[in-house]
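Please work out how this folds:
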Amino acid sequence: MARKTQAKKKTAKKSSKKTKTKTTKKSEQAEPELSEKQRAAFEKKVAPGYTHKGPQITLGAAVLDGVVTPEVPANIPLKTLNRHGLIAGATGTGKTKTLQIIAGELSAVGVPSLLMDIKGDLSGIAQPGEEKDFITKRHAGIGIDFESRGYPVEFFTLSGEKGARLRATVAEFGPILLSKILDLNETQSGILAVVFQYCDNNGLLLLDLPDLKKALMYVAEGHEDVVQEYGKVSKASAGTILRKIVALEQQEADIFFGERSFDVEDLVRINEDGEGMVSVLRLTDVQSKPALFSTFMLQLLAEVYEKFPEEGDLDRPKLAIFVDEAHLVFSNASKVLLEQIEMIVKLVRSKGVGIFFVTQNPGDIPASVLGQLGLKVQHALRAFTAKDRKNIKLAAENFPLSNFYDAADLLTTMGIGEAMITGLSEKGKPTPLIHCMLRAPASRMDVLTEAELDEAIAGSELREKYNEVVDRESAYEILSKKIEDIAEQQEAAVAEKTKAKKSGASRRRTKAEKSTLEKIASSPLTKQIGRTVAREVTRGLLGVLGISTTRRRRRKKSSSWF
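Numbers count the residues shown, from 1 in each chain. So this is what the prediction gives:
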């Protein structure tokens, strides 16, 4: 009986443990809840930073202790988006979708944008997205209705990809910007300036790299018209510049130089419905050519800064530029080039332009540029190595201190489609840190098919304009002709000189022959022989006449006494 009682007790304990385990599992699976006190404190502290009077876009809603709080939406005021931004996170955490959300929301409120599509996954923004159960559920929690839609898109390319070709002339770069791209020293930069000045003074168009190389070689050869005006140019320094141009060509940067030159005003178009055009620059074949990418980036920013007027304090940006895989711009850039980019990033915001860098780690962006970025959207990071953990700690320090979040811990625990966000209020103050559940893009979260892409490009207003081949007479043709003319003149001069030399040599040979006869005739030996011959001839004649030599001598002697 005792044994049976003990067995029953053990069975009861086991069943009790199973019941407790099931209860625990159910409680773990239950949705976390916030107390009214926690919710009230969070709303009071955080919500004012995301409440704005002017136009704004909504990225999602805040999350606290795993609970989405629609009462604290992640609203970003449009007037602060010219202060630039950062979208960062590990691969697969949702960076591209965040870019798609912001670009789409900006287009809907009339702000054009330029998207640099390195991976080829942004073309779907042209088509409406597909509403699925998980999207509906996500939006219900956020408190935002999901509306599927596409946006007006223009496709561009730097190379052979489908789309309107973007180009710029060498002259538009100018000697200063080109010197920075080629990383020239002071002496080499001076020579490049001479080349540009010579071409400008002589009406020679510098359109592409062959023009520049031909002009550089012409100046270095020391032609008279160059030397008189600018002095002699070091051939060694010119050779160094030429080699750097060739290195740029090796990354196929030559395809970017030429005509028809791109007009940056075509980036700020708004369609008849008041929507901002989304310009997608297809760069899938440029990943292995960082020099081409950074060259285009620098020229684009410089052109925007030069052409766009000062706008002052606008209620929304004039243009938003999204630089995907931003580390390609900075990884191989020289110190001088980085300084130039930093300077333009600082100044271009006064033109109403916002630049958003998209990359895996905030450390990919130089600190001098990172400090200029007002909006930060940080997706999760992965801590696989000691270096990763160090990077996470540094990334957490980019965000304001919070009583509600541990930034370093949050960075490694967020899921896909979640991000840490901080921005600027309408008064320019940093907003509190929030853990945000992001909304889904209204457009397609996948690429266009080839047929859809062809259809979109066929309807482009700019394709015919920029894909037209223009090959005007420029420095290369003019200087090549000039060099040929000079070579012909030099050949004619050499031929004339050779002919003159031959004629002179002939006259000298004739004169030399006469002088030899004269010398022989006037030599003592010739004279002695001549006298001997004359005497013998005379004797022979006298002998014939019968007059002896002895008699002549006597007569001569006798006559000497008188």
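
and the residue nearest to residue 277 when sequence neighbours are not counted, what does it touch?
Leaving out its chain neighbours, the residue that sits closest to residue 277 by C-beta to C-beta, 6 or more residues apart in numbering is residue 269, at 4.5 Å. In short, each C-beta sits where N, CA and C put it, glycine included. By C-beta atoms under 8 Å, 6 or more residues apart in numbering, the contact set of residue 269 is 112, 154, 276, 277.

Need the pLDDT of residue 269.
For residue 269, the model assigns a pLDDT of 94.

oh, and call the first residue 522 from now on, that's how I've got it
With the count now opening at 522, the last piece we talked about shows up as residue 790.

Would you mind stating the distance between it and residue 635?
For residue 790, the distance to residue 635 equals 11 Å [C-beta to C-beta, to the nearest Å].

cool, residue 806 as well?
Counting by C-beta to C-beta, the separation of residue 806 from residue 635 is 18 Å.

more crowded one of these two?
residue 635 (24 against 16; other C-beta atoms under 10 Å).

And what about residue 677, helix, strand or coil?
For residue 677, the assignment made with DSSP: H, G, I helix; E, B strand; the rest coil gives strand.

and the longest strand anywhere in the chain, what does it pack onto?
Counting by DSSP state E, the longest strand found in the chain is strand 588-598. With contacts taken as 3 or more C-beta pairs under 8 Å, 6 or more residues apart in numbering; DSSP states H and E, strand 588-598 sits against helix 557-567, strand 577-585, helix 654-663, strand 955-959.

between the last one and strand 577-585, how big is the angle?
Between strand 955-959 and strand 577-585, the angle formed by their directions is 110 degrees, by axes from the mean of the first three to the mean of the last three C-alpha atoms, to 10 degrees.

Partner strands of strand 955-959 and their direction?
Taking DSSP bridges as the criterion, strand 955-959 sits next to strand 577-585 (antiparallel), strand 939-943 (antiparallel) in its sheet.

now the angle between strand 588-598 and the last one, please.
Calculated by the same axes, to 10 degrees, strand 939-943 forms an angle of 50 degrees with strand 588-598.

ok, residues contacting strand 939-943?
For strand 939-943, using C-beta under 8 Å, 6+ apart, the contacting residues are 580, 584, 595, 610, 615, 619, 896-901, 920-921, 926, 928, 931-932, 935, 951-959.

buried set for the longest strand of the chain?
588, 589, 590, 593, 594, 595, 596, 597, 598 (16 or more other C-beta atoms under 10 Å).

returning to that earlier point: of the contacts of strand 939-943, grab the buried ones for PyMOL.
This is the PyMOL syntax for the buried subset of these, where burial follows 16+ other C-beta under 10 Å:
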select buried, resi 580+584+595+610+615+619+896+897+898+899+900+901+920+926+928+931+932+935+952+953+954+955+956+957+958+959
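
Tell me which residues of the helix or strand that contains residue 628 come out buried.
If you go by DSSP states H and E, residue 628 is part of helix 616-629. By neighbour count on 16+ other C-beta under 10 Å, the buried set for helix 616-629 is 616-629.

Low-confidence regions, the chain specifically.
522-555, 853, 855, 1003-1004, 1006-1011, 1013-1014, 1023-1083 (pLDDT under 70).

dump the residue contacts of the nearest residue to residue 715 once chain neighbours are set aside.
With C-beta to C-beta, 6+ apart as the criterion, residue 715 has its nearest non-adjacent residue at 5.0 Å, and that residue is residue 751. Residues near residue 751 by C-beta under 8 Å, 6+ apart: 715, 718, 719, 740.

Can you tell me which of those has the largest number of neighbours?
Of all these, the highest neighbour tally under other C-beta under 10 Å goes to residue 740, namely 24 neighbours.

Return the list of helices and strands in contact with the helix or strand that it is a member of.
Using DSSP H and E, residue 740 falls within helix 730-741. Packed against helix 730-741 by the contact rule (3+ C-beta pairs under 8 Å, 6+ apart) you find helix 691-703, helix 707-722, helix 745-751, helix 756-771, helix 996-1042.

Residue 975 is nearest to which of the strands paired with strand 955-959?
Within the strands paired with strand 955-959, the stretch nearest residue 975 is strand 577-585; the backing value is 31.5 Å (C-beta to C-beta).

what comes into contact with the closest one?
In contact with strand 577-585 (C-beta under 8 Å, 6+ apart) are residues 555, 559-560, 563, 567, 571, 589-591, 593-599, 619, 622-623, 626-627, 630, 662-665, 898, 925, 939, 942, 955-960.

got it, and stretch 754-773?
Contacts for stretch 754-773 (C-beta under 8 Å, 6+ apart): 680, 702-705, 708-709, 712-713, 715, 730, 733-734, 737-738, 740-741, 743, 747, 775, 810-813, 816.

Could I get the full set of strands for the stretch 822-971 of the chain?
840-844, 874-880, 896-899, 939-943, 955-959 (DSSP state E, counting those that start in this stretch).

Now render these as a markdown table, adding distance to residue 643.
Formatted as a markdown table, those follow (distance: least, C-beta to C-beta, whole Å):
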| stretch | distance to residue 643 |
| --- | --- |
| strand 840-844 | 9 |
| strand 874-880 | 10 |
| strand 896-899 | 16 |
| strand 939-943 | 18 |
| strand 955-959 | 17 |
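
out of the ones you listed, nearest to residue 781?
strand 840-844 (20.9 Å).

Are there helices or strands packed against that closest one, and which ones?
Judged by 3+ C-beta pairs under 8 Å, 6+ apart, the packing partners of strand 840-844 are helix 616-629, strand 634-638, helix 811-828, strand 874-880.

That one versus helix 811-828: what angle between them?
170 degrees.

Partner strands of strand 840-844, with direction?
strand 634-638 (parallel), strand 874-880 (parallel).

what distance separates that strand from the middle of the whole chain?
Distance, stretch centre to chain centre, for strand 840-844: 15 Å (C-alpha atoms, centre = their mean, to the nearest Å).

again with stretch 941-956
Worked out by C-alpha atoms, centre = their mean, stretch 941-956 lies 31 Å from the chain centre.

Quick one: end-to-end length of that stretch, please.
For stretch 941-956, the separation between the terminal residues is 5 Å (C-alpha to C-alpha, to the nearest Å).

mind listing what the residue nearest to residue 732 when sequence neighbours are not counted touches?
Spatial nearest neighbour of residue 732, excluding adjacent residues (C-beta to C-beta, 6+ apart): residue 996 at 4.0 Å. Going by C-beta under 8 Å, 6+ apart, residue 996 touches 720, 725, 726, 727, 728, 732, 733, 735, 736.

mind redoing it with 10 Å?
Going by C-beta atoms under 10 Å, 6 or more residues apart in numbering, residue 996 touches 691-692, 716, 719-720, 723-729, 731-737, 739, 1003.

one step back: any chance of TSV for the strands paired with strand 840-844, columns distance to residue 990?
As requested, those are arranged in TSV below (distance: least, C-beta to C-beta, whole Å):
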stretch	distance to residue 990
strand 634-638	24
strand 874-880	31
